[in-house]
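A.B. asks: Just the structure for this:
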Amino acid sequence: MTIRGSLVSGVALGGVLALVPATTAAATEPRQIQEVLDQLNRDDTVKGTEGSKSYRVLFDAYLKLTQPPFEISPQFNHNSIHPGMPDWTAVSDWAESNPGMAEAILACKDRNIIGLPYGAEEVDETYRKAELFCAVVPGELRFEFTYLYAVDLIAAYATAEMYRLFELKQATAALDLAVAFNWVSRQLCDRQFLDEKLYSIQLLVDVLANLRDAMYTYLDSITVEQFRSLAWYDLPALRPDRNRLHIPEGDRVVSEALLVEVFDERSHHPDPDKFASAFASIQSADAPLTRFGAARRWRMIALVHDSLEASQDRLALIYDDWWRRWRVQEFDTILQTDTEFERTNPVRYAAVIYSMQDIQDAFSVRNQLITAVNGTAVAAGLCAYKLTYGNYPDDKEKVYGQFIRKLISDVDPYDQEFGRLRYRLLTRDDSVNTAFGRVSIDKGQCLLYSRGQNHADDRAREHRADGAVGDLVLWPPMKALEREQGLRD
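C.D. replies: Numbers count the residues shown, from 1 in each chain. Below is the predicted model of the structure:
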């Protein structure tokens with residue numbers, strides 16, 4: 001089987017996922033690689049009891065999963081599957097014919113971590129043959145997360161089966177599966193590497209969008225108590241907050257090992273040949289013809305670069321700074337200052353800069369996840385209110401206490417002024433401009449939205465799924481309206 005990475009979850013993972021780009025230095029010693037693996041596998045997200053881990057349950061079911069009607073691709077995945085799609089019957093039949101996968105996802109609801117160890121030799125041979133592992137590239141401090149292709153396929157299955165069950169008016173079974181797969185996705189968000197975390201957070205954001213789509217489409221099939229359970233228990237349990245969603249640490253472990261590799265083991269000064277071999281290929285990865293000049297430059301940098309000890313201290317300082325920023329409130333003044341990564345001298349600590357990834361993207365996608373979790377919970381509360389009273393409330397606070405937990409759910413990480421998601425009941429027809437076109441919204445509907453990345457209240461006049469432009473509309477789900485109004489497949 002060829003190596004395949006994630007294709008569809010919002011992160012351009014492509015084929016091979018690498019923490020540190022490939023080097024052409026002498027192969028990393030097996031002892032060093034094993035030390036890295038040992039450190040990674042001692043982490044709480046891996047070392048739990050077998051009964052606390054989900055990966056065996058999921059992968060055993062995945063190995064029995066029949067081939068879907070189409071290969072997983074940008075055209076066929078958890079973001080494109082829905083009952084109105086072409087060939088829905090074939091997709092629905094595929095989902096129905098694989099009940100074991102649904103049973104496996106449901107079984108993971110009672111487990112705490114994915115628990116997949118790092119290193120191909122750490123998993124069963126059956127999994128190795130199916131590329132269900134996080135492997136170290138032979139002789140290099142570089143990882144391939146090939147198991148993410150399986151996650152893409154499982155996500156496609158979970159989406160198809162959720163919609164199939166809703167179509168059969170089996171709302172309880174559909175919601176049980178959706179809640180369980182939300183939890184599986186949340187477990188993946190605690191993986192140790194930045195690329196894994198970016199992939200998994202985007203996956204959870206996507207499946208929450210699908211849940212809101214289903215809540216809107218099948219609103220009359222879902223009971224008030226089911227909506228209340230979603231809003232009060234199931235969604236808050238995902239806990240995407242700073243205390244429970246951990247900063248990626250795997251990249252730091254690899255960076256520390258790579259630094260040791262490129263310094264002289266006796267003097268702890270930079271080794272010019274190792275610097276040239278290791279970092280020239282990184283710098284010239286996108287332009288191979290520049291490699292000769294890059295190698296010469298790295299030999300010169302080695303002459304003025306700080307020592308191993310100083311480099312290790314700088315790496316620790318960068319991660320300590322990120323860790324502090326990860327734990328503070330969304331608008332703490334520390335977030336307005338330059339990071340230690342940005343302050344690092346690009347010559348004296350060039351090896352540090354080139355051996356690691358800037359994890360600032362993790363801060364951004366975490367806010368997207370917080371918004372998606374909270375927005376879905378509040379939307380469920382609004383649905384419960386509508387089913388109870390026949391209309392949406394004129395004030396969002398009317399759902400507090402009865403249908404949602406205010407302090408936990410109604411939080412907008414992009415709103416420094418009030419800290420709450422924006423809401424308005426439409427007293428006349430309105431519209432929202434989306435990436436697919438202008439969507440009409442009828443009088444009597446409500447708008448629940450986040451301020452988005454510009455931190456401004458644009459009254460939901462414009463929406464983007466990541467909040468990069470205008471606001472981030474959470475209810476009604478723009479995906480459902482775009483399909484209803486013929487703007488997307």
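
A.B. asks: the strands in this protein, which residues?
C.D. replies: 135-136, 143-144, 422-425, 430-434, 437-441, 446-450, 472-475 (DSSP state E).

A.B. asks: And the fourth one, what does it pack against?
C.D. replies: In this structure, strand 430-434 packs against strand 437-441, helix 478-484, with contacts taken as 3 or more CB pairs under 8 Å, 6 or more residues apart in numbering; DSSP states H and E. C-beta coordinates here come from the backbone N, C-alpha and C atoms, glycine included.

A.B. asks: just to revisit the earlier point, could the strands of the chain go into a markdown table alongside mean pLDDT, distance to Ser311 and mean neighbour count?
C.D. replies: Output for the strands of the chain, formatted as a markdown table (pLDDT from 0 to 100; distance: least, CB to CB, whole Å; neighbours: other CB atoms under 10 Å):
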| stretch | mean pLDDT | distance to Ser311 | mean neighbour count |
| --- | --- | --- | --- |
| strand 135-136 | 86 | 22 | 22 |
| strand 143-144 | 89 | 22 | 24 |
| strand 422-425 | 97 | 46 | 19 |
| strand 430-434 | 96 | 47 | 18 |
| strand 437-441 | 97 | 52 | 15 |
| strand 446-450 | 97 | 40 | 24 |
| strand 472-475 | 97 | 40 | 27 |
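
A.B. asks: Ok, which of those strands comes nearest Glu484?
C.D. replies: Checking the strands of the chain against Glu484 by CB to CB gives strand 437-441 as the closest, at 8.7 Å.

A.B. asks: Direction included, what does the closest one pair against?
C.D. replies: strand 430-434 (antiparallel) (DSSP bridges).

A.B. asks: any idea of the angle the partner strand forms with strand 446-450?
C.D. replies: 30 degrees (axes from the mean of the first three to the mean of the last three CA atoms, to 10 degrees).

A.B. asks: Now find how far off-centre strand 430-434 is within its chain.
C.D. replies: Centroid separation between strand 430-434 and its chain, computed with CA atoms, centre = their mean, to the nearest Å, is 27 Å.

A.B. asks: what sits up against that strand?
C.D. replies: 438-441, 443, 447, 460-464, 470, 473, 478, 482, 487 (CB atoms under 8 Å, 6 or more residues apart in numbering).

A.B. asks: Just the closest of those to Asp273, please.
C.D. replies: Looking across the contacts of strand 430-434 and measuring by CB to CB, the closest to Asp273 is Arg464, at 48.0 Å.

A.B. asks: for the longest helix seen in the chain, packing partners?
C.D. replies: Determined from DSSP state H, the single longest helix within the chain is helix 360-389. For helix 360-389, the contact count by 3+ CB pairs under 8 Å, 6+ apart identifies helix 194-217, helix 224-229, helix 406-409, strand 446-450, strand 472-475 as packing neighbours.

A.B. asks: surely Ile247 meets Trp322?
C.D. replies: Yes. The pair Ile247 / Trp322 is scored as a contact, 6.3 Å apart, by CB atoms under 8 Å.

A.B. asks: where do the contact lists of those two overlap?
C.D. replies: Joint contacts of Ile247 and Trp322 (CB under 8 Å, 6+ apart) are Ile359.

A.B. asks: List the contacts of Pro240.
C.D. replies: Contacts of Pro240 (CB under 8 Å, 6+ apart): 186, 189, 366, 369-370, 373.

A.B. asks: Swap in 7 Å and give it another go.
C.D. replies: Counting by CB atoms under 7 Å, 6 or more residues apart in numbering, Pro240 makes contact with 366, 369-370, 373.

A.B. asks: re earlier: can you list the strands of the chain in a markdown table and add distance to Glu167?
C.D. replies: Converted to a markdown table, the strands of the chain look like this (distance: least, CB to CB, whole Å):
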| stretch | distance to Glu167 |
| --- | --- |
| strand 135-136 | 39 |
| strand 143-144 | 38 |
| strand 422-425 | 30 |
| strand 430-434 | 25 |
| strand 437-441 | 24 |
| strand 446-450 | 26 |
| strand 472-475 | 22 |
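
A.B. asks: Could you point out which of those strands sits nearest Tyr216?
C.D. replies: Across the strands of the chain, closest to Tyr216 is strand 472-475 (CB to CB), at 7.7 Å.

A.B. asks: Check what contacts that closest one and list those residues.
C.D. replies: 212, 371, 375, 379, 382, 432, 446-450, 452, 460, 463-464.

A.B. asks: For that strand, which strands pair with it and how are they oriented?
C.D. replies: Note on strand 472-475: by DSSP bridges, its sheet partners are strand 446-450 (antiparallel).

A.B. asks: quick revisit: go through the strands of the chain and name the closest to Gln329.
C.D. replies: Taking the strands of the chain one by one with CB to CB, strand 446-450 is closest: 16.6 Å.

A.B. asks: sorry, back to before: distance to Ser221 added to the helices and strands packed on strand 430-434, as a markdown table?
C.D. replies: Below are the helices and strands packed on strand 430-434 laid out as a markdown table (distance: least, CB to CB, whole Å):
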| stretch | distance to Ser221 |
| --- | --- |
| strand 437-441 | 22 |
| helix 478-484 | 14 |
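
A.B. asks: Ser267 is nearest to which of these?
C.D. replies: helix 478-484 (59.2 Å).

A.B. asks: by contact count, what packs against that closest one?
C.D. replies: With contacts taken as 3 or more CB pairs under 7 Å, 6 or more residues apart in numbering; DSSP states H and E, helix 478-484 sits against helix 194-217, strand 430-434, strand 437-441.

A.B. asks: check contacts around the most centrally placed residue in the chain.
C.D. replies: Nearest residue to the geometric centre of the chain (CA atoms, centre = their mean): Ile201, 1.7 Å. By CB under 7 Å, 6+ apart, Ile201 lies in contact with 189, 365-366, 369.

A.B. asks: Could you dump those into JSON lines with pLDDT, distance to Gln416 and neighbour count added?
C.D. replies: Below are the contacts of Ile201 laid out as JSON lines (pLDDT from 0 to 100; distance: CB to CB, whole Å; neighbours: other CB atoms under 10 Å):
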{"residue": "Cys189", "pLDDT": "97", "distance to Gln416": "25", "neighbour count": "24"}
{"residue": "Val365", "pLDDT": "93", "distance to Gln416": "19", "neighbour count": "21"}
{"residue": "Arg366", "pLDDT": "94", "distance to Gln416": "16", "neighbour count": "21"}
{"residue": "Leu369", "pLDDT": "97", "distance to Gln416": "19", "neighbour count": "23"}
